[in-house]
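Visitor: Let's see this in three dimensions:
(chains A and B)
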Amino acid sequence: MKLLAKYNLVNVATTIIVLMLSGLVYYFFIEHALVHQLDKSLVAEEKEITDYIKENNALPEPSYTRDEQEVYAPASGGMITRKFSSIKLPGNGYYENVLYRQLEFAVTVKGKIYKADVRKSQEETEDLVQLILKITLAIVLLLLVTLFIINRFVLRKIWKPFYSTLQQIKQFNVKGKDNVSLEPTNINEFAELNDAVTVMATRTIHEYIEIKSFTENASHEIQTPLAIIASKLELLSQSENLEEEQMNAIQSIADTTSRLSKLNQSLLLLAKIDNRQFATADKINISAVLLRHISNYEELFHAKEITVVKNIIREVMITTNETLAEILIVNLLTNAIKHNIDKGFINVGLNEKHLIVSNTGKVLHVNPAIFFERFKKDSTFNDSMGLGLSIVKKICETYGFGVTYHYENPLHIVTINFA
Amino acid sequence: MNFNKISSVKILIVEDEKELSDGIASYLKSEDYLCETADNFDKAIAKIDVYDYDCILLDITIPGGNGLDILKELKENNKMDGVLIISARNSLDDKIAGLTLGADDYLSKPFHLSELSARVAAIIRRKNFDGNNLLKFENIVIDTIAKSASVKNKVLELTKKEYELLLYFVSNKNRVISKNAIAEHLWGDDIQGANDFIYTHIKNLRRKLIEAGKADYIKSVYGMGYKFSAQ
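Guide: Residues are numbered from 1 along each chain as shown, chains lettered A, B, ... in the order given. Here you go, the predicted structure:
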């Protein structure tokens, strides 16, 4: 539930209750005041009647109008106490039931006691009360309409900076070059929020850049010592009269050094793709790139007796970075060769929509999706670093390509959707 | 300049890591190249102002300045020195910048000395061209323009990779070359575990050389790799 809706609900509910209550209070007070007014005029009537009796020593003529009635009746025993009351009398066929305010009192004419009732119609009071109710309802309605208009036009405008800030936070990317740019606002709460968000974003970006540049520098710095180790080993291997044991050791150090260096380079590559250092995108003839690399590995296929089936449509153009496209293709092909079996086959399919590389390989015991994660590999492939497919995935993410890996015994199938 | 007068080939190594430049120098010296080193920007500039080098190995990140500025200096003075950039940055921008400024090649650290040596040889071949595009080793003649090789005037039927392999061997003659270095040279450094496959290539190349003229120069060095030598 939106804050606005919740606030409105409470607001409207309380307003209606308060209005209804005030209507009720109005009703009682006004009724009370009006009845009091009627009572006063009844007392005036009473005085007129008693004055008339005193003067004429006779009862005045009773009257029966709709608004006012004076009725006299001989007292039928018992005490007659003076009292005010409201009574409803049946209409006389023409009128409906009418509510009257009545004053009952005793009068004495020629020693005889009569009960006198003076009544005045309360109809006007009723009308007034109804009017009050109507006005109250009208005010409630007006209030609802006003609230609606305020919500619709004013509040939306007031909350706009908030939603704009929210949108910025949602879109905030620590890897993005730009900081958040927030709409200026003269509402204190929002201004405070914006300040806090800006400070947070700036700090996050700053720290991210620090960590990133540290990682990159560290990786770069590692390359030079590795280069020294590799060159010394190569010089060492030129020495005459090396023992078999020494040669094995040299080779093993050289292999490990090379692995370390490749690992480092792969991590650097991932970082660079992350940093969008391959920003330039051109229309690349992916068919040509693919065919060129397949032919580059021709002899490897031959050595492993791998059959390559090509279903490659010519001149498929993809908008991407050329270097990354090459890396993508190389990673897919070398994966298909590395994890293949002797006398296996590789199927390469390419059209405008997708690139599919499938190959025979060892039986897979894990969910192939994990291979997209860094350093995840099947324990049976020891010479693999588990970064190849992470790089493939990263490249695909960068250019909005979809990538899936599934295993249908005996085929390992990697599909890249360009759309 | 005749390529066969090897002793006259001069190389300048601009690299601040002494251990690395020493390693490179001692590897290249056995090729009978004359190697000099410069470990900072000013020394490098001083040297290139005075001498002409056949090839300059240029690190981009050196104390006192940017290696690319040395390259600019060379080009402004119309120096014909060949330039091979060796950088730890392996950044595409550096590579493009370097090649645009007129560098002949780019190699990222770490590299195999045998690869470096082959690249240097290729640069020198191009620079000291003089119509001499023939590379000779014993009875083998490699035509680097036609990309063909012959033994005793009999042209060898080599695949592209076999030709590259032979050229690589001749550029690193009398050296032990690791299988890793060969695999990376042939397929780039993307393919791991390709080492086993080079065995087939080497076997085929060796057979072709022997068949053509008893040119059995490829020796297997136990545990480490191969060596191309006449002895």
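Visitor: which residue packs closest to residue A:202, ignoring adjacent ones?
Guide: Nearest in space to residue A:202, with sequence neighbours left out and distances taken as Cβ to Cβ, 6 or more residues apart in numbering or on different chains, is residue A:179 at 5.8 Å. In this view, the C-beta of every residue, glycine as well, is placed from N, C-alpha and C.
Visitor: Secondary structure element holding residue A:266?
Guide: helix A:244-274 (DSSP states H and E).
Visitor: So in that sheet, which strands flank the helix or strand following that helix, and in what orientation?
Guide: Note on helix A:244-274: by DSSP H and E, the next helix or strand toward the C-terminus is strand A:282-285. If you go by DSSP bridges, strand A:282-285 pairs up with strand A:317-320 (antiparallel).
Visitor: Mean confidence (pLDDT) on the strand it pairs with, please.
Guide: On average, the pLDDT along strand A:317-320 is 89.
Visitor: What score does residue B:4 have for pLDDT?
Guide: So residue B:4 comes in at 47 (pLDDT).
Visitor: now swap in the one 10 residues further on and tell me
Guide: Residue-level confidence at residue B:14 comes out at 94, pLDDT.
Visitor: That one: neighbour count?
Guide: Counted with other Cβ atoms under 10 Å in any protein chain shown, residues neighbouring residue B:14 total 27.
Visitor: Surely it and residue B:56 touch.
Guide: Yes - contact status for residue B:14 versus residue B:56: in contact at 6.4 Å, counting by Cβ atoms under 8 Å.
Visitor: what's the overlap in contacts for those two?
Guide: Common neighbours of residue B:14 and residue B:56, counting by Cβ atoms under 8 Å, 6 or more residues apart in numbering or on different chains, are residue B:70.
Visitor: Starting from the longest helix seen in chain A, tell me the next helix or strand along the chain.
Guide: Longest helix of chain A, by residue count under DSSP state H: helix A:3-56. Remark: after helix A:3-56, the chain's next helix or strand is strand A:63-64, criterion DSSP H and E.
Visitor: Can you tell me the strand partners of that following strand and which way each runs?
Guide: With DSSP bridges as the test, strand A:63-64 pairs up with strand A:68-74 (antiparallel).
Visitor: Buried ones in the strand it pairs with, by neighbour count?
Guide: A:69, A:70, A:72 (16 or more other Cβ atoms under 10 Å in any protein chain shown).
Visitor: Poorly predicted segments of the chain, please.
Guide: All of this refers to chain A. Within chain A, the stretches with pLDDT under 70 are A:77-78, A:91-95, A:176-178, A:279, A:375-385.
Visitor: meant chain B, my bad for not saying
Guide: The model of chain B has pLDDT under 70 over residues B:1-7, B:90-93, B:129-132, B:189-196.
Visitor: where along it do the helices fall?
Guide: With helices called from DSSP H, chain B shows them at B:18-29, B:41-50, B:67-76, B:92-100, B:113-127, B:160-171, B:179-187, B:195-213.
Visitor: How about the first one and chain A, touching?
Guide: Yes - against chain A, helix B:18-29 shows contacts by Cβ under 8 Å from any Cβ of the partner chain at B:19, B:20, B:23, B:24, B:26, B:27.
Visitor: are any of those buried, and which?
Guide: B:20, B:23, B:24, B:27.
Visitor: pretty sure the last one is touching residue B:112, no?
Guide: Read that as residue B:27. No - applying Cβ under 8 Å as the test, residue B:27 and residue B:112 come out as separate, 9.9 Å apart.
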